[in-house]
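**Q** attaching a predicted model along with its sequence, questions to come.
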Amino acid sequence: MSIEGFDFDFSRKPKPTRVERDISDDVNKHIDVAFAKARAAEPKREYVGASAVGDECLRKLQYGYMQVPLDQEPEGKMLRIWRTGHVFEAEVGHWLKMAGFKLQTIDPETRKQFGFTVLNDDGQGHFDGIVTDGPLDLAYPFLWECKALNEKNWQPIKKNGLAIGKPIYAGQMAIGQGYLNLLNPGMFTALNKATSELHHELVPFDQKLAQQMSDRMALVVQASRDEQLLPRAYASEDNFRCKLCDWKKSCWSMKR
């Protein structure tokens, strides 16, 4: 049995075009512009969020809540990192379902993410899901939160546990467990984006930490309403956390 070959038509010549193969910069410029437009169209986060409330610096939280302009808008690369993080986290949720865990990611009553709102909506939290059953002998239901992290941020959690390795996420888990009344140990999942390694950690409900996070939310909101500037967490702008802050210039341009 023979197969006749396909005759290509070379009579139509391609249009003259650039000859270099790597056009990454040109394509990425258009992608980054699209990301910037999408970011500008998003509703502003005018509340203190559970994912940030555990940050050491109260002033940073206050600046975010009050919508103080950033020193510089994030570059396209960072916007892409944030977006792909959400993609990774959704995929990990799919893996859990494949493994036999019954994971709910949408609240059937609100048709939105599971979450809470307090302080007249000035304090809010949104979470990745609730696990209601599964193949392991665990106490169901429980809160599930997932983060896709680079190697530098993943390793401390794997080595030292969530409370030490990334206390800001421990605070997020605690306040979520408290307000959602999910007092069984929750599960925090960390995906290493470089290697696809997964770290799953049971997080017992820490009532004291949950109360601390709730109090911080209330403090930021009330101080902002009273036009009181909250203190910095660090004594010098040379602190590496200050160097990474989106409001470093705005903050340290003031004497106090």
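**A** Yep, that arrived. Because the structure is predicted, anything quoted here is derived from the model rather than measured. Numbers count the residues shown, from 1 in each chain.
**Q** for residue 209, what are its contacts?
**A** Contact analysis of residue 209 by Cβ atoms under 8 Å, 6 or more residues apart in numbering lists 170-171, 174-175. Every residue, glycine included, has its C-beta placed from N, CA and C.
**Q** out of the residues you listed, who's nearest residue 122?
**A** Sorting those by how near they are to residue 122, with Cβ to Cβ, puts residue 175 at the top with 14.3 Å.
**Q** could you pull out the helices for the stretch 51-200 of the chain?
**A** Assignment of helices within the stretch 51-200 of the chain using DSSP state H, counting those that start in this stretch yields the ranges 58-65, 76-98, 151-160, 162-165, 167-179.
**Q** residues of the shortest one that come out buried?
**A** In terms of neighbour count (16 or more other Cβ atoms under 10 Å), helix 162-165 has its buried residues at 162-163, 165.
**Q** which strands or helices does that helix pack on?
**A** Helices and strands touching helix 162-165, as assessed by 3 or more Cβ pairs under 8 Å, 6 or more residues apart in numbering; DSSP states H and E, comprise helix 151-160, helix 167-179.
**Q** how about the CA coordinates for the shortest one, as CSV?
**A** Once side chains and other backbone atoms are set aside, the C-alpha atoms of helix 151-160 remain, and they are given as CSV (Å, rounded to 0.1, in the frame of the first residue of the first chain):
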residue,chain,number,x,y,z
GLU,A,151,12.4,27.5,46.2
LYS,A,152,13.4,30.3,48.6
ASN,A,153,10.0,30.6,50.2
TRP,A,154,9.1,26.9,50.0
GLN,A,155,12.1,25.5,51.8
PRO,A,156,11.6,27.2,55.2
ILE,A,157,8.1,25.9,55.4
LYS,A,158,9.2,22.4,54.5
LYS,A,159,12.1,22.5,56.9
ASN,A,160,10.6,24.3,59.9
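**Q** which other helices and strands contact that helix?
**A** Helix 151-160 is packed against helix 162-165, strand 186-192, strand 198-203, with contacts defined by 3+ Cβ pairs under 8 Å, 6+ apart.
**Q** orientation of it relative to helix 167-179 in degrees?
**A** With axes from the mean of the first three to the mean of the last three Cα atoms, to 10 degrees defining the directions, helix 151-160 sits at 60 degrees from helix 167-179.
**Q** from the rest of the structure, what touches helix 151-160?
**A** Taking contacts as Cβ under 8 Å, 6+ apart, the residues outside helix 151-160 that touch it are 149, 164-166, 169, 190-195, 197, 199, 201.
**Q** mind listing what residue 212 touches?
**A** Contacts of residue 212 (Cβ under 8 Å, 6+ apart): residue 171.
**Q** not counting sequence-adjacent ones, nearest residue to residue 233?
**A** By the measure of Cβ to Cβ, 6 or more residues apart in numbering, the closest residue to residue 233 outside its immediate chain neighbours is residue 57, 3.7 Å from it.
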